[in-house]
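# The sequence and its predicted three-dimensional model are supplied below.
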Amino acid sequence: MKNSLLFLAVLILVFAVNGHAPADAQTFPVQPIMVNGATDDRINIVFLSEGYTSAEMSQFILDVQSATIDLFDTPPYEEYELYFNVYAIEVPSVESGTDHPYTASDCPDGLETFFSNTYFNSTFDFGGIHRLLVVQNSLAVSSVLTDNFPEWDVVFIVVNHPYYGGSGGSFATFSTHTAASEVAIHELGHSFADLADEYEYGGMPGYEAPNATAETQRELIRWNNWIELSTPIPTPETPVYENVVGLFEGAVYNPVGWYRPKLDCKMRALGIPFCEVCAEQTIISVYNILSTIEDYDPPSPVVTLYQSEIKEFSVTTPEPTPNTIETTWSIDGMPVAVGTNSYWLNATEHGLGTFVLDAVSRDTTELVRTDPGGLLEADVTWTVEIDTVVTAVGDVVGMGREARLYQNVPNPFNPVTTIRYYIPEDGHTTLIIFDVTGEKVKTLVDGMQTNGEKTAIWDGLNDSGQRVSSGIYFYKLHTRREDRVKKMLLVK
């Protein structure tokens, strides 16, 4: 066992010790570190400060930024970076640091004994293990999250002390040791991807996990799709097999009887990449929260078109790097287009009646070989009815009688973007930009317009001529009969 992994991750939830969560709601500054989309369209990672005083919050933000950079330089988080948002909540402690009671039998020589008055009451030496760094007031953690960022998906607590330590569980914890980022990424393997530790010390009972098993029958091994037929089961720990997926003995705190997928992996030792099996499980966990289809248009599942009409149907998908999401369009089960997120349906090519238009978006990444739950695929279905032509004042041949608002181009943008829209009849029209709180930012159009295709340009300035901050914005088209809303992302 390599000794670079110096901590033992445990699944614990310790209720308030030496105090209770605040009775009244407390709000703290929430700083966006990396925003790639709306909170309901992304996986939200939240960092909480522990043992940072008010005067040390700038250092906390630097620590979070450093951990974020390192996380998204690590595959497969690197490929799926655009699926995540990162925020930091500035929770000040009365005193800097944490507790080190020096009660663990494995404390290295020369360390000091100290205690600090911190918000979440964190401590080293938990459970008699020096490196086991936990927050003892998890009720306070829950309260802070509820009051400040209830949309959280993953939580990290950064403890402001350079001793080495960390722990997994509902609220993963790591110190500011020089290996802090590696500890955090390993802990994310537990709390986000439900991965097991692959090292063999610890003396605790083993358990089945995506990357740990007691099964030795090849066809029943959960990661069998990654094992070549030429690889022996169990797999010898020799240089011949150091780069292949197999069945290596020693995992989940047991040297015998339990097996891991690869000779080395980040869930076994720090400084090592995630193995193929752990990377696959991480991507599966991404799609356990998100879908390959974020949005679609038109929003109604039933659409009526006239015989002269041409209408665009579209889906919005997240984009891994490289973009491995592929959308297939079908009419009554027969494919009509592949590899595009929009499909222009020409009603003149169809007779009167009803048919089904279906869009299936699937992540075709080679990093996943087993997806039993079908999480890497999503679909949206429209029932389309072709009706007889209706001629009315204001109709535009081939465009129909519904207002249309298209996705801005480019998106994300900085600092200028173009918005294209269509109004079916003459009338008063407005096109207004709003921020995520619903406050009006900029009025682009407000007046009478004739029917037809239009464009508007936004230069990132508000109505006062001031440049707005980066983030999510919404643009709303209002015509005589209907409203249309879409969102866009300004980056800097």
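Yep, that arrived. Computed from a predicted structure; not experimentally measured. Numbers count the residues shown, from 1 in each chain.

# Show me which positions of the one helix or strand residue 60 maps to end up buried.
Using DSSP states H and E, the element containing residue 60 is helix 57-71. The neighbour-count check on helix 57-71 (16 or more other CB atoms under 10 Å) flags 57, 60-61, 63-65, 67-68, 71 as buried. C-betas here are computed from N, CA, C, even on glycine.

# same thing with stretch 160-180?
160-161, 163-169, 171-177, 179-180.

# Regarding that stretch, how distant is the last residue from the first?
Taking CA to CA, to the nearest Å, the first and last residues of stretch 160-180 lie 11 Å apart.

# go on, stretch 208-217?
End-to-end for stretch 208-217, by CA to CA: 14 Å.

# try stretch 216-225
Criterion CA to CA; first-to-last residue distance in stretch 216-225 is 14 Å.

# just stretch 405-418 next, same as before
Stretch 405-418 has an end-to-end distance of 12 Å (CA to CA).

# what's next to that stretch, contact-wise?
312, 314, 316, 419-422, 455-460, 467, 470, 475, 477, 484-486, 488-492 (CB atoms under 8 Å, 6 or more residues apart in numbering).

# One more pass at 6 Å, please.
419-421, 455, 457-460, 477, 484, 486, 488-489, 491-492 (CB atoms under 6 Å, 6 or more residues apart in numbering).

# Could you do stretch 47-55 as well?
Contact with stretch 47-55 is made by 60, 64, 88-93, 96-98, 118, 120, 122, 156-160, as judged by CB under 6 Å, 6+ apart.

# Go again with 7 Å.
Contact with stretch 47-55 is made by 57, 59-60, 64, 88-93, 95-98, 116, 118-120, 122, 135, 141, 144, 155-161, as judged by CB atoms under 7 Å, 6 or more residues apart in numbering.

# The closest residue in space to residue 149 that isn't next to it in sequence and residue 454, how far apart?
Distances taken as CB to CB, 6 or more residues apart in numbering place residue 46 nearest to residue 149, at 5.4 Å, with adjacent residues excluded. Applying CB to CB, to the nearest Å, the value for residue 46 to residue 454 is 41 Å.

# With neighbour numbers in mind, choose between the two.
Between residue 46 and residue 454, residue 46 has the larger neighbour count (other CB atoms under 10 Å), namely 24 against 16.

# any idea whether the more buried one is helix, strand or coil?
strand (DSSP: H, G, I helix; E, B strand; the rest coil).

# okay but it is in contact with residue 84, surely?
No: taking contacts as CB atoms under 7 Å, residue 46 lies outside contact range of residue 84: 11.2 Å.

# and of the buried residues of helix 57-71, the nearest to residue 38?
Using CB to CB, residue 68 comes nearest to residue 38 of the buried residues of helix 57-71, at 18.9 Å.

# Give the bridge partners for the nearest residue to that closest one once chain neighbours are set aside, please.
Leaving aside its sequence neighbours, residue 68 sits nearest to residue 86 (CB to CB, 6+ apart; 5.1 Å). Beta bridges link residue 86 to residue 34, residue 45, judged by DSSP bridges.

# For residue 86, the count of nearby residues, please.
Residue 86: 25 neighbours (other CB under 10 Å).

# still on that earlier bit, show only the entries of the buried residues of stretch 160-180 found in strands.
Judged by DSSP state E, strands contain the following of these: 166-167, 172-175.

# all helices of the protein, in order?
57-71, 138-148, 180-191, 276-289 (DSSP state H).

# got the CA positions of the last one in CSV?
The one in question is helix 276-289. Output of helix 276-289 as CSV, limited to C-alpha atoms (Å, rounded to 0.1, in the frame of the first residue of the first chain):
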residue,chain,number,x,y,z
GLU,A,276,-11.6,3.8,-16.0
VAL,A,277,-14.2,2.3,-13.7
CYS,A,278,-14.2,5.2,-11.2
ALA,A,279,-14.3,7.7,-14.1
GLU,A,280,-17.3,5.9,-15.6
GLN,A,281,-19.1,6.0,-12.2
THR,A,282,-18.4,9.7,-11.9
ILE,A,283,-20.1,10.4,-15.3
ILE,A,284,-23.0,8.1,-14.3
SER,A,285,-23.3,10.2,-11.2
VAL,A,286,-23.4,13.4,-13.2
TYR,A,287,-26.4,12.1,-15.2
ASN,A,288,-28.0,10.9,-12.1
ILE,A,289,-28.6,14.6,-11.3
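
# hang on, the earlier thing: just give me how far the helix holding residue 60 sits from the chain centre.
18 Å (CA atoms, centre = their mean, to the nearest Å).

# Kindly report the same for stretch 465-477.
In terms of CA atoms, centre = their mean, the centre of stretch 465-477 is set 23 Å apart from its chain centre.

# do the same with stretch 438-449
With CA atoms, centre = their mean, you get 32 Å for stretch 438-449.

# Over to stretch 175-190?
Distance, centroid of stretch 175-190 to centroid of chain: 18 Å (CA atoms, centre = their mean).

# what's the average pLDDT for that stretch?
For stretch 175-190, mean pLDDT rounds to 94.

# still on that earlier bit, what subset of the contacts of stretch 47-55 is buried?
57, 60, 64, 88-93, 96-98, 116, 118-120, 122, 135, 141, 144, 155-161.

# picking that back up, distance check, the residue nearest to residue 149 against residue 90.
Relative to residue 90, and taking CB to CB, residue 46 is found at 12 Å.

# Report the contact partners of residue 297.
Contacts were defined as CB under 7 Å, 6+ apart; by that measure residue 297 touches residue 314.

# Model confidence for it, exactly?
94.

# Which strand residues bridge it?
Under the criterion used (DSSP bridges), residue 297 bridges to residue 314.

# With residue 433 instead?
According to DSSP bridges, beta-bridge pairing links residue 433 with residue 442, residue 475.

# what number of residues lie near it?
Count around residue 433 with other CB under 10 Å applied: 24.

# and the residue nearest to residue 68, what is it in contact with?
Residue 86 makes contact with 33-34, 45, 68 under the criterion CB under 7 Å, 6+ apart.

# if we can go back for a sec, filter the buried ones among the contacts of stretch 47-55 down to the ones in strands?
Using DSSP E, those in strands are 88-89, 122, 135, 155-159.

# care to break this structure down by domain?
By the assignment in automatic domain parsing, the chain contains the domains 30-191, 218-289, 291-390, 403-492.

# End to end on the shortest one, go ahead and measure it.
Using CA to CA, the end-to-end distance of domain 218-289 comes out at 31 Å.

# Next: the last one.
For domain 403-492, the separation between the terminal residues is 32 Å (CA to CA).

# what mean pLDDT does that domain have?
90.

# Check the offset of that domain from the chain's centre.
That offset, for domain 403-492, works out to 27 Å (CA atoms, centre = their mean).

# Name the residues linked to residue 427 by a beta bridge.
The partner residues for residue 427, given DSSP bridges, come to residue 449.

# does it really touch residue 479, like I thought?
Yes: using CB under 7 Å, residue 427 is in contact with residue 479, at 6.1 Å.

# and those two? which has more neighbours close in?
A side-by-side neighbour count of residue 427 and residue 479, using other CB under 10 Å, places residue 479 first with 23 against 15.

# can you pull the contacts of that one?
Residue 479 sits next to 403, 423, 427, 429 when contact means CB under 7 Å, 6+ apart.

# any idea how far the third one is from residue 450?
Looking back up the chat, that one is residue 427. Remark: distance between residue 427 and residue 450 (CB to CB) = 9 Å.

# repeat for the second one
Counting by CB to CB, the separation of residue 423 from residue 450 is 8 Å.

# Who has more neighbours out of these two?
Of the pair residue 423 and residue 450, residue 423 is the one with more neighbours under other CB under 10 Å, namely 27 against 11.
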